[in-house]
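[1] fold the stuff below for me.
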Amino acid sequence: MNKRTKLFLIILLGGVALLGIAAVASGSFGPKPQSVTSPGVQINQSFDSTGRVKDGRPTDGTLPIKLTSAEITDNVLVKGQKAFTRNNKLFLVIYLEIENKYPVTLYSKPVDLLRLVRSDGKRVAPSVSQGDVEVRAISVKRTNIAFVIDKGEKNFTIEVGEVKESKEAVQINFN
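    Below you'll find the predicted structure:
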């Protein structure tokens with residue numbers, strides 16, 4: 001074998017090795033994880049919340065919040081990264097639309113507005129949220145929050161309302 005042939009074979013084997021490493025790193029080989037997601041249910045219930053400025057202080061303005069739908073899944077997107085459940089748990093994901101009718105940016109704290117009411121009466125705060133939600137002037141912002149639930153749960157009560165005010169109960173039932 002001459003030098004040219006040896007060099008060609010080394011480059012070829014190196015390229016194949018790099019492609020193999022890239023394929024393994026990107027997850028191209030092996031079984032793909034199966035995502036668990038239930039068919040979503042429509043909620044379509046609206047509530048008013050207090051609009052806030054960036055530092056969290058309340059304003060006189062109200063922000064209508066519409067709970068649009070819910071789904072049960074084993075993963076949820078949080079600030080651009082996928083979060084997965086463990087130990088036979090799932091997420092109950094609630095999708096919301098927050099409307100700002102004012103000519104200034106306002107903020108909402110959905111994590112403080114919704115509670116999952118367990119069968120024993122305990123109120124559970126969301127496990128996953130997008131944090132304080134910035135709602136630009138005269139616009140609607142879509143966001144979500146998620147509660148960790150046990151596999152097999154199908155019926156839920158969500159309380160919606162400001163922390164120190166009365167709450168409204170929303171029933172969410174999956175088949």
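[2] could you pull up phi and psi at Pro103?
    Dihedral angles of Pro103 (phi, psi; degrees, to the nearest 10) stand at phi -80, psi 20.
[3] what about it, distance to Lys141?
    Distance, Pro103 to Lys141, by CB to CB, to the nearest Å: 16 Å. Heads up, the C-betas are built off the backbone N, CA and C, glycines and all.
[4] comparing those two, which residue is more hemmed in?
    With neighbours defined as other CB atoms under 10 Å, Pro103 and Lys141 compare such that Lys141 has more, 19 against 7.
[5] what about that one, distance to Ser129?
    Relative to Ser129, Lys141 is positioned 13 Å away (CB to CB).
[6] averaged pLDDT, stretch 151-158. What do you get?
    Mean pLDDT, computed over stretch 151-158, is 93.
[7] ok, stretch 66-77 next?
    Mean pLDDT, stretch 66-77: 92.
[8] same check on stretch 91-99?
    95.
[9] from the chain's centroid, how far away is that stretch?
    Its chain's C-alpha centre and that of stretch 91-99 lie 8 Å apart, by CA atoms, centre = their mean, to the nearest Å.
[10] buried ones in that stretch?
    Phe91, Leu92, Val93, Ile94, Tyr95, Leu96, Ile98, Glu99 (16 or more other CB atoms under 10 Å).
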